[in-house]
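Visitor: Structure for the following, please:
(2 chains)
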There are 2 protein chains.
Amino acid sequence: MMAEIPDSHPRKISLLSRQRIVEATKKGLLADSAMIAHGRGEAFDYLLGERTSESAKLAIKESAARLIEAKNPVISVNGNTVVLAGRPLIRVAAALGCPIEVNIYYRTEERIEKLHSLLQREKEIISQERAPENWNGDWNTAIMSVEILGKEEDGRIQGLEGPRSICSSKGIENADVILVPLEDGDRCEALVNLGKQVLVVDLNPLSRTAKMATVTIVDEISRVADLLLEYVVNNNEKSTKWDNQESLNQALNIISKNVRN
Amino acid sequence: MMAEIPDSHPRKISLLSRQRIVEATKKGLLADSAMIAHGRGEAFDYLLGERTSESAKLAIKESAARLIEAKNPVISVNGNTVVLAGRPLIRVAAALGCPIEVNIYYRTEERIEKLHSLLQREKEIISQERAPENWNGDWNTAIMSVEILGKEEDGRIQGLEGPRSICSSKGIENADVILVPLEDGDRCEALVNLGKQVLVVDLNPLSRTAKMATVTIVDEISRVADLLLEYVVNNNEKSTKWDNQESLNQALNIISKNVRN
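Guide: Numbers count the residues shown, from 1 in each chain, chains lettered A, B, ... in the order given. This next block holds a predicted model:
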């Protein structure tokens, strides 16, 4: 099943992502339901045409601007996000000078530990690469300075009960702007109620998370992360009065159009 | 994660199906990618409103009529189908007096064996239940007579290469009408090219399988199986000149409408 996928395959990137999720599940990095969540995402991405739409680009630009203007930005990652986009998100965190918090829905110490070490290993690897174009400064230092949070469990998200309320005091608890790919609806709502800006990446424009968030990027996380880095490094956007519902409507229009053709 | 889901939960049935797939994966009944396939199905079912549409009902009726009129009908099942709808499909097979063939994409002897024994055990359980309304005859005998094929590997699907060409000579090879839930596109095409009627259940109305099939039921397999039993037992339909594209268009319209509201 893990056979080579020919370059010519029209859905190569999608199939490679799938392989990564399957492999990571076998290694115990992901919860039982991670593959099911990935499958749901695949279906929505398929309906969106498996590419970043113009409205998604605007949402990524808006997110870049808000992360740059934030006092205490943080990138919260779950298992699927680490597996699919851990590296590019470390780059984004380096460019922003912000921490990454491992924060998972079905919390177990073992998985937190595995995801944490994976990100630390990725940092080592990425620190050897060349800085992104237009980046001024020491890229190696910027990468190695990205703090990976999540094991402390010394913060709480007010308004949630049980394990899902656990977070890092230096991360989500302290943050004014949070980028949270693949978030659950309840947590998104609790964070918004705390007055935080919540920037989510969700392939389902009808989800409660998509509707609750401050800015919703309806796109696949690894495509998002690459583009977000570009926008953060080039830093030529200011945050606006953002109409998130309008952005969601555009995503829904794309699905509707793809389905009718 | 396998916690009780309250009856009041609006998506209880969907969540129970998900639990079944997760459990069956742990028991080694399913291929690596089964959970991903299930997640894709979940997304499409969500967009279809998680219920059987009028056009799906017509497709199920049409399938019932064709299975009844067939000389050698067979129900081909893969892992997800056995897990989600093994019992109701055994009932359908009993009512039709046809065999069930276990036929899986990533063929391993171990999984064929496990799925085969699961169906045999299910037969024992179902044979104790009351016959469906309007059924004349000995239900217990009808159930116990359902032959579970798939281990023989003594047939071939002309036009396919490798493990995917393997089938049972008394099952798919000999059949004129095949009900194949969750089929792959290549195999569907090969079966159609052999002049067989292929009745598929596929939640994605845009898939190659959906487009290739003789009759495509765009609906969730366990809902389909229950309704199919009712139509087979009541047997008041004749097969028609079926316009499959029109049926697919109606499914696409439902998704498009749900997305735009």
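Visitor: use CA for all of it now, contacts and neighbours both
Guide: Fine.
Visitor: Verify the assumption that residue A:173 is located in a strand.
Guide: No. Assessed by DSSP: H, G, I helix; E, B strand; the rest coil, residue A:173 does not belong to a strand; its assignment is coil.
Visitor: I'd like to know how many residues surround residue A:68.
Guide: Applying other Cα atoms under 10 Å in any protein chain shown, we find 23 residues neighbouring residue A:68.
Visitor: Now it. Nearest residue, chain neighbours left out?
Guide: residue A:96 (6.6 Å; Cα to Cα, 6 or more residues apart in numbering or on different chains).
Visitor: Distance of the one you found relative to residue A:189?
Guide: 25 Å (Cα to Cα, to the nearest Å).
Visitor: who's more crowded, the two?
Guide: The neighbour comparison of residue A:96 against residue A:189 (other Cα under 10 Å) goes to residue A:96, with 21 against 18.
Visitor: I'd guessed that one sits against residue A:66; true?
Guide: No. Between residue A:96 and residue A:66 there is no contact, the gap being 11.0 Å when judged by Cα atoms under 8 Å.
Visitor: quick one: residue A:260 from chain B, how far?
Guide: Separation of residue A:260 from chain B (Cα to the nearest Cα, to the nearest Å) stands at 7 Å.
Visitor: can you pull the contacts of that residue?
Guide: Shown in contact with residue A:260 (Cα atoms under 8 Å, 6 or more residues apart in numbering or on different chains): B:252-253, B:256.
Visitor: Could you pull up phi and psi at it?
Guide: Dihedral pair for residue A:260: phi -90, psi -20, per degrees, to the nearest 10.
Visitor: residue contacts, the residue nearest to residue A:68?
Guide: Per Cα under 8 Å, 6+ apart, neighbours of residue A:96: A:67-68, A:232.
Visitor: Redo the contacts of residue A:260 as TSV? Include distance to residue B:59 and pLDDT.
Guide: Supplementary listing: these in TSV, determined by distance: Cα to Cα, whole Å; pLDDT from 0 to 100:
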residue	distance to residue B:59	pLDDT
B:252	14	96
B:253	16	95
B:256	20	94
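Visitor: Close to chain B: what parts of chain A are there?
Guide: A:1, A:22, A:32-33, A:35-44, A:106, A:206, A:252-253, A:255-257, A:259-260 (Cα under 8 Å from any Cα of the partner chain).
Visitor: And the contacts of residue A:260, which is closest to chain A?
Guide: residue B:256 (4.6 Å; Cα to the nearest Cα).
Visitor: Excluding sequence neighbours, find me the nearest residue to the closest one.
Guide: residue A:256 (4.6 Å).
Visitor: what number of residues lie near the one you found?
Guide: Residue A:256, neighbours per other Cα under 10 Å, totals 22.
Visitor: from what I can see it touches residue B:47, true?
Guide: No. Here residue A:256 does not reach residue B:47: they are 10.8 Å apart, not a contact under Cα under 8 Å.
Visitor: what do those two both touch?
Guide: Joint contacts of residue A:256 and residue B:47 (Cα under 8 Å, 6+ apart) are B:255, B:259.
Visitor: pLDDT at residue A:7, what is it?
Guide: pLDDT recorded at residue A:7 is 76.
Visitor: no wait, residue A:166
Guide: At residue A:166, pLDDT is 94.
Visitor: wait, what's in contact with it?
Guide: By Cα under 8 Å, 6+ apart, the residues touching residue A:166 are A:153-157.
Visitor: what are the ranges of the strands in chain A?
Guide: In chain A, the segments counted as strands under DSSP state E are A:73-77, A:100-102, A:148-149, A:155-156, A:166-167, A:177-181, A:197-201, A:215-217.
Visitor: and those strands as CSV, adding distance to residue B:118?
Guide: Below are these laid out as CSV (distance: least, Cα to Cα, whole Å):
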stretch, distance to residue B:118
strand A:73-77, 39
strand A:100-102, 40
strand A:148-149, 45
strand A:155-156, 45
strand A:166-167, 41
strand A:177-181, 39
strand A:197-201, 40
strand A:215-217, 43
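Visitor: So which of the ones you listed is the most surrounded?
Guide: Of the strands of chain A, the one with the most neighbours on average (mean count of other Cα atoms under 10 Å in any protein chain shown) is strand A:215-217, at a mean of 29.
Visitor: so how far is it off the chain centroid?
Guide: Averaging C-alpha positions (Cα atoms, centre = their mean, to the nearest Å) puts strand A:215-217 11 Å from its chain's average.
Visitor: Give me the sheet partners of that strand and which way each runs.
Guide: strand A:197-201 (parallel) (DSSP bridges).
Visitor: Now do the strand it pairs with, average pLDDT.
Guide: 97.
Visitor: Now do that strand against strand A:177-181, angle only.
Guide: 20 degrees (axes from the mean of the first three to the mean of the last three Cα atoms, to 10 degrees).
Visitor: Confirm for me that residue A:103 is in contact with residue A:152.
Guide: No. Taking contacts as Cα under 8 Å, residue A:103 lies outside contact range of residue A:152: 10.9 Å.
Visitor: And the residue in the stretch 151-261 of chain A positioned nearest to chain B, how far from residue B:218?
Guide: Using Cα to the nearest Cα, the closest approach of the stretch 151-261 of chain A to chain B is made by residue A:256 at 4.6 Å. Distance, residue A:256 to residue B:218, using Cα to Cα: 17 Å.
Visitor: again with residue A:23
Guide: Residue A:23 is 31 Å from residue B:218, by Cα to Cα.
Visitor: same check, this time on residue A:248
Guide: Counting by Cα to Cα, the gap from residue A:248 to residue B:218 is 26 Å.
Visitor: okay, those two: which has more neighbours?
Guide: residue B:218 (29 against 22).
Visitor: Below-threshold pLDDT in chain A: ranges please.
Guide: Low-confidence segments of chain A (pLDDT under 70): A:1-4.
Visitor: Tell me which stretches of it form helices.
Guide: A:12-26, A:34-47, A:54-69, A:79-96, A:109-127, A:139-144, A:185-193, A:208-212, A:221-234, A:244-260 (DSSP state H).
Visitor: count of residues packed around the nearest residue to residue A:140 once chain neighbours are set aside?
Guide: Distances taken as Cα to Cα, 6+ apart put residue A:127 closest to residue A:140, at 4.6 Å, once the chain neighbours are dropped. For residue A:127, the neighbour count with other Cα under 10 Å is 20.
Visitor: Hmm, residue A:127 is touching residue A:138, no?
Guide: No. If you go by Cα under 8 Å, residue A:127 and residue A:138 don't touch, sitting 9.9 Å apart.
Visitor: And stretch A:17-36, end to end?
Guide: Per Cα to Cα, the first residue of stretch A:17-36 is 13 Å away from its last.
Visitor: quick revisit: could you pull up the residues touching the residue nearest to residue A:140?
Guide: A:139-141, A:143-144.
Visitor: how close does it get to residue A:90?
Guide: 10 Å.
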